[in-house]
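Visitor: Sequence and predicted model, in that order:
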Amino acid sequence: MTDRKHKATNREISLDDLAAMVEQAAAKIIRLQEEVARQNRQIKELEQLQEAVRQDADWSRWFRQKYRNTVYYPVIEKAFFDDHPQHSTSDDQAPAGNDAQSQQEL
């Protein structure tokens, strides 16, 4: 018991030191709250972007499924890759529907 009392007396803090610690803690809490708010805004923005990408992917799948075997799909696909070469891969060089039947229809 005497050790605890001895340690407590060695750790006495002045009122000014305590006030400084409280101010530092309050400033840190404010910074952390601001960081949390910033991260929450970023999360919300990312969720909105994710939803937009999901909708675009759904539309793209629907379009591909509906029009893949039409005479127009290879033309539309080629126009897209001409406008957006960064999306073109070696697999994209032969557009979907570019078989003998599609060639006869052209």
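Guide: Good, I have the coordinates. Numbers count the residues shown, from 1 in each chain.

Visitor: which other helices and strands contact the helix or strand hosting Glu23?
Guide: Assigned by DSSP states H and E, Glu23 belongs to helix 15-67. Secondary-structure packing of helix 15-67 (3 or more Cβ pairs under 8 Å, 6 or more residues apart in numbering; DSSP states H and E): helix 73-83. Using the backbone N, CA and C atoms, a C-beta is placed for each residue, glycine as well.

Visitor: give the contact list for Ile13.
Guide: Neighbour list for Ile13: Met21 [criterion: Cβ atoms under 8 Å, 6 or more residues apart in numbering].

Visitor: if we can go back for a sec, between the helix holding Glu23 and helix 73-83, how many degrees?
Guide: Inter-element angle recorded for helix 15-67 and helix 73-83: 140 degrees (by axes from the mean of the first three to the mean of the last three Cα atoms, to 10 degrees).

Visitor: Work out the gap between helix 15-67 and the centre of the chain.
Guide: Centre-to-centre, helix 15-67 and its host chain are 10 Å apart (Cα atoms, centre = their mean, to the nearest Å).

Visitor: ok, now stretch 49-68?
Guide: Distance of stretch 49-68 from its chain centroid, counting by Cα atoms, centre = their mean, is 18 Å.

Visitor: May I have that stretch as PDB, with CA atoms only?
Guide: This file holds the C-alpha atoms of stretch 49-68, laid out as PDB (Å, rounded to 0.1, in the frame of the first residue of the first chain):
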ATOM      1  CA  LEU A  49     -19.600   5.200 -57.600                       C
ATOM      2  CA  GLN A  50     -20.000   1.500 -57.000                       C
ATOM      3  CA  GLU A  51     -23.700   1.800 -57.700                       C
ATOM      4  CA  ALA A  52     -23.100   3.600 -60.900                       C
ATOM      5  CA  VAL A  53     -20.600   1.000 -62.000                       C
ATOM      6  CA  ARG A  54     -23.100  -1.800 -61.100                       C
ATOM      7  CA  GLN A  55     -25.800  -0.100 -63.200                       C
ATOM      8  CA  ASP A  56     -23.400   0.300 -66.100                       C
ATOM      9  CA  ALA A  57     -22.300  -3.300 -65.900                       C
ATOM     10  CA  ASP A  58     -26.000  -4.400 -65.800                       C
ATOM     11  CA  TRP A  59     -26.800  -2.300 -68.800                       C
ATOM     12  CA  SER A  60     -23.700  -3.600 -70.700                       C
ATOM     13  CA  ARG A  61     -24.600  -7.200 -70.000                       C
ATOM     14  CA  TRP A  62     -28.200  -6.600 -71.100                       C
ATOM     15  CA  PHE A  63     -27.100  -4.900 -74.300                       C
ATOM     16  CA  ARG A  64     -24.500  -7.600 -75.100                       C
ATOM     17  CA  GLN A  65     -27.100 -10.400 -74.500                       C
ATOM     18  CA  LYS A  66     -29.800  -8.700 -76.500                       C
ATOM     19  CA  TYR A  67     -27.800  -7.600 -79.500                       C
ATOM     20  CA  ARG A  68     -24.700  -9.800 -79.600                       C
END
